[in-house]
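# Turn this into a model:
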Amino acid sequence: MKVSKKLITRVIIFGVLAFVLFGIFGGSNPSVDISVDKSKVPLSAIHYHPMLTIIIDGEVETIASGIGGHALIHTHDSIGTLHMENNDPQSIPESVTLGYFFKQWERFLSSECIFDHCTDSGTLTMHVNGIRNYEFQNYIMHDEEEIVLEYTSNI
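Here you go, the predicted structure:
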């Protein structure tokens, strides 16, 4: 079977283009820039259960069960309870941050964006136990906290 050079060239071009586009738009693990003040990271083993609620334009987002598998932060159910289990948080200080959970979830969080909702077209706020917080992905979570991220579009 003879294959034309034109067909081979098209297949190569398509393959390179698909690879480049996947690298730009389709990476499965979004970059979450996490900055950690290691002096605030627990010194000994933790077993924390903060509660995360995400509201986008008035609708509560489901946080799926099974996020993170057996990672240091993971979920067992879809009610928003995060399970943080780490025998040595100082060895991986970012593992106690909200951004680390988003990294496990393969979703994006920063002070400007949650998922693909950004502050250029809306407002993003964060509250911890009812108090406004500005740390977003860098927030070091603690046991039994209630963390609420809310995005409202400028409509």
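
# Mind listing what's buried along the helix or strand where L124 lies?
Assigned by DSSP states H and E, L124 falls within strand 122-128. Within strand 122-128, the residues scored as buried using 16 or more other Cβ atoms under 10 Å are 122, 124, 126, 128. C-beta: built from backbone N, CA, C; applies to glycine.

# now do stretch 52-59
Across stretch 52-59, burial judged by 16+ other Cβ under 10 Å covers 52, 54, 56.

# Residues contacting that stretch, please?
60-61, 63, 80-82, 98, 101, 114-115, 117, 146-153, 155 (Cβ atoms under 8 Å, 6 or more residues apart in numbering).

# what kind of secondary structure is the closest residue to L43 other than its chain neighbours in?
Leaving out its chain neighbours, the residue that sits closest to L43 by Cβ to Cβ, 6 or more residues apart in numbering is Q90, at 6.4 Å. The three-state assignment at Q90 reads helix, by DSSP: H, G, I helix; E, B strand; the rest coil.

# Same check on the one 10 residues further on?
Each residue gets one of three states, and Y100 gets helix by three-state DSSP.

# Please name the nearest non-neighbouring residue to it.
E94 (5.1 Å).

# correct me, but the one you found touches F101?
No - judged on Cβ atoms under 8 Å, E94 makes no contact with F101 at a distance of 10.4 Å.

# Give me the more crowded residue out of these two.
Legend: neighbour count by other Cβ atoms under 10 Å for E94 and F101, higher for F101 (30 against 19).

# Grab the nearest non-local neighbour of that one.
Nearest non-adjacent residue to F101 (Cβ to Cβ, 6+ apart): I73, at 4.5 Å.

# can you check H142 too?
That would be Y48: by Cβ to Cβ, 6+ apart, it lies 6.2 Å from H142.

# distance of E144 from I46?
12 Å (Cβ to Cβ, to the nearest Å).

# out of those two, which sits in the more crowded spot?
Taking other Cβ under 10 Å, E144 and I46 do not tie; I46 has more neighbours (19 against 10).

# centroid residue for this protein?
Nearest to the geometric centre of the chain sits F102, at 1.6 Å (Cα atoms, centre = their mean).

# mind listing what that residue touches?
30, 32, 108-109, 137 are the contacts of F102 under Cβ under 8 Å, 6+ apart.

# Tell me the most packed of the residues you listed, by neighbour count.
Busiest of those [other Cβ under 10 Å] is L109, holding 27 neighbours.
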